[in-house]
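Visitor: here is my input, please return the structure:
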Amino acid sequence: MNRIGLQYFILLTLIVLSNVGLAQDVTFSTNIAAKKVGLSDRFEVTYSSNKQGEFILPEYKNFNRVGGIATGYSSNTDLNSGVTRKTFDYTVTLQPKKIGTFTVEGAKIKVGKGTYQSKAAKIEVVKESQVKNRRQSLIDQFLGGGRPDQRQEQVEITNQDIFVTLEAVNPNVYRNQPVLVEYKLYVNKYKCQLEGVEIPTYSNFLSDEIAFTQKSPEKKTINDKEYEVHTLKKVLLTPQKTGKLGVEAYKVQARVHTGGFMGTSVIMESNSLEINVKELPKPMPANFSNQVGSYAIQVVPMVTRIEKDNPIQFKLEVIGEGNIKQLVAPEFSFPEGFESYDPEIATQYAPTDSSFAGKVTFSYLLIPRELGQFTIPKQEFTYFDVATESYKSVFTKEVKFTVANGSGSASDFATEDTEQLTPEQDESQSNSWVWITIIPLSILAFVGAFLLISKKNSKEKVEETEEERRKNARNKLAKKLAIAKSHLDRNNVSEFYNEILIGINKYVNEKLEIETAQMNKITIRETLNSKGVEEKTVDSFVNVLEQCEMAKYAPLSNQNNLEIYEKSLDVIEEIERVIN
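Guide: Okay, the predicted model is just below:
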């Protein structure tokens, strides 16, 4: 064995021996306070370990466990050796189920990767109480405050002292109308500490827990008794069915301090609830939004003059209070000649004591493909008003705007850019009108003559250029994609998508011979199908176009830019293979 191998062997041996030593160091025992107890007596069982770990309580066959688990810790130092010994105790209180000699089960504890079990212990159960016959321990004296016969009797906790409830603010609601349910703890005179809460799941309801800050408990008098009321939980439940719907009871385990050292552990169960859910009145309006509450609707102000093929954001806001969390995008009719996409949804709402209140914004991406005057008609939003118990409709205002070319030509902007001359200006400029008129006419005459002479010779050249345009469309697109890739390498994402869009639109115009005015996804699909391109390839091409438009004008954080670039190359190659 070489030197390195020997070192590894020694290290491994030390690790194994240290683990064995650690396992041998763990001690875990079972100790019973008495060897004989009466059937009505309660006795303590203490499980002790010299190592701290995860305590695992056994299942007791012949005993009932009273209360929870009390944990303790002690340490003793040997003055001669200086060694400190630690002890970790886990104590439970048991009461026999029947008379006889029984075994008290041992417990388990996990220390590190090992699990250790204590030994079981025997105890005799007789009919008569053995409390006065056994020697009083220090803990007995502390709990009882004196001799065994003077010890304080066990205090009985009743549901008049402490109890839990399940309360609905309004148990009579309409379908989809949220109802607030509160979980409360009532305490009469004792202090208590929660040990566990068990709440069943909800059936036939959508649930939303309300976060709240626990303040000082309320005071409430019931049957001449004053209680502290602690709110444990608040939940908004939105019923999804009609009829009598139930909310199941919940359980709470708490330790009640009645003056003893450990206190008494009690388990309480609340009442159940019945929510009466009414059906909405019929007939329902055809355009009912499924919203129950109170609402308003508006269109966010937008420009009234936009450029053709330049995407815009059309934003619709729904503001109100009710089951707004379930609001879906309303149906919208946009003018013909516009491409529209599913809206992005932004929500701003918070729970109240009876519903959700806030705002939902729907942002539609629109791309105008035609010139002219357009109107987006007013939008109707119908909801059920709980206050009046009737259906109500609110409306947006209609939106009018103009779609013009983006070239900035005089015909498009003459009304806005032309300045009217005053009489003084008109008089001062009257002498120059001849020169302003003659010079442009002379130039036009010269150009017209030149075009007339060369028309015949240029006709064949124009036809040849159009053929070349079809053939060279792929090369032009490839150059645009190369420019786009250079923008992507510099992390200029906006210009990346701008170059791809310009390249694809030019390709469609020249390769597929689709005029710009007729360029839309339906025409592109029909043209590609007529040229024998497979539907799968057509879908991919349209998908690339949509992704580029969305990414350029409404960029997404998770957009895979390189993947779109590569997909563009692949789909163009497939189209070229079929069409050429």
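Visitor: show me what contacts K531?
Guide: If you count contacts by Cβ atoms under 8 Å, 6 or more residues apart in numbering, K531 has them with 512, 578-579. Glycine gets a C-beta too; all of them are placed from N, C-alpha and C.
Visitor: out of these, which end up buried?
Guide: Under a neighbour-count criterion of 16 or more other Cβ atoms under 10 Å, the subset of these counted as buried comprises L512.
Visitor: just the ones of the contacts of K531 in helices?
Guide: By the criterion of DSSP state H, membership of the contacts of K531 in helices covers 578-579.
Visitor: pLDDT and distance to A286 added to the contacts of K531, as CSV?
Guide: Output for the contacts of K531, formatted as CSV (pLDDT from 0 to 100; distance: Cβ to Cβ, whole Å):
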residue, pLDDT, distance to A286
L512, 82, 41
V578, 84, 46
I579, 81, 47
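Visitor: can you give me the strands in the stretch 101-250 of the chain?
Guide: 108-111, 114-117, 121-126, 162-168, 172-174, 179-187, 191-198, 205-209, 218-222, 225-239, 243-247 (DSSP state E, counting those that start in this stretch).
Visitor: for stretch 360-376, buried residues please.
Guide: Under the neighbour-count criterion of 16+ other Cβ under 10 Å, stretch 360-376 has 360-369, 374, 376 buried.
Visitor: straight-line length of it, end to end?
Guide: Using Cα to Cα, to the nearest Å, the end-to-end distance of stretch 360-376 comes out at 20 Å.
Visitor: same thing with stretch 329-340?
Guide: Its first and final residues considered, stretch 329-340 spans 14 Å by Cα to Cα.
Visitor: can you list contacts of that stretch?
Guide: If you take Cβ under 8 Å, 6+ apart as the criterion, stretch 329-340 is touched by 287, 289, 314, 316, 318, 342-343, 345, 362, 364-370, 372, 374-377, 379, 381, 403, 520-521.
Visitor: now with 6 Å?
Guide: Identification of contacts with stretch 329-340 by Cβ atoms under 6 Å, 6 or more residues apart in numbering yields 343, 362, 364, 366-370, 374.
Visitor: next, the buried residues of it.
Guide: 330, 335, 337-339.
Visitor: what ranges do the strands span in the stretch 251-400 of the chain?
Guide: Secondary structure of the stretch 251-400 of the chain by DSSP E, counting those that start in this stretch: the strands cover 251-257, 264-269, 273-278, 288-299, 305-307, 312-322, 338-340, 344-351, 356-368, 372-376, 380-385, 390-395, 399-404.
Visitor: what is the burial count for the spatially closest residue to K511 that is not a sequence neighbour?
Guide: Nearest-residue entry for K511: A473, 3.8 Å, with adjacent residues in sequence omitted and distances by Cβ to Cβ, 6 or more residues apart in numbering. Counted by other Cβ atoms under 10 Å, the residues lying close to A473 total 22.
Visitor: now swap in I522 and tell me
Guide: The burial count assigned to I522 is 10, neighbours taken as other Cβ under 10 Å.
Visitor: how close does it get to I367?
Guide: Using Cβ to Cβ, to the nearest Å, one obtains 13 Å as the distance from I522 to I367.
Visitor: how about V493?
Guide: The value you get for V493 to I367, if Cβ to Cβ is used, is 19 Å.
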